[in-house]
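**Student:** Predicted model and sequence below, questions to follow.
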Amino acid sequence: MAPLKMTLSPKPRLWPSALLVVFSRCYNKHMSKNIKSKRSDTLVKTIENKYGVDLVYQSDAELNTVLKNEGLPSLSELLKMVQKQNA
């Protein structure tokens, strides 16, 4: 029996796009330090407990109401605003 020869192909194989999508999602989930997006009906008390902030709204208010009242587009912007106010 002849020994097997290992040869490298001249062009590297490209990853299937589906694997790249899965990899990028996993990378973003585990490697980035961005604030995870929340549903608009998330309660204020949930955000206050998770991020250790006081939003000065009733605990049963929803995130979309707070964002609308403050004129902000996202939770991350809201948390930045609260952090600036507390500094």
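**Tutor:** Received it, and whenever you're ready, just let me know what you need.
**Student:** Outside of the helix or strand Lys68 falls within itself, list whatever touches it.
**Tutor:** Assigned by DSSP states H and E, Lys68 belongs to helix 63-70. With contact meaning Cβ atoms under 8 Å, 6 or more residues apart in numbering, helix 63-70 is reached by 38-44, 47, 55, 57, 73-75, 78, 81. C-betas here are computed from N, CA, C, even on glycine.
**Student:** try stretch 45-57
**Tutor:** Contacts for stretch 45-57 (Cβ under 8 Å, 6+ apart): 38, 44, 59-60, 63, 65-66, 75, 78-79, 82-83, 86.
**Student:** sorry, back to before: I'd like the next helix or strand past the helix holding Lys68.
**Tutor:** Next element after helix 63-70 (DSSP H and E): helix 75-86.
**Student:** related to what we said a few turns ago, I'd like to know which of the contacts of helix 63-70 are buried.
**Tutor:** For the contacts of helix 63-70, a burial check counting by 16 or more other Cβ atoms under 10 Å picks out 38, 42-44, 47, 55, 57, 75, 78.
**Student:** now, which of these lie within helices?
**Tutor:** 44, 47, 75, 78 (DSSP state H).
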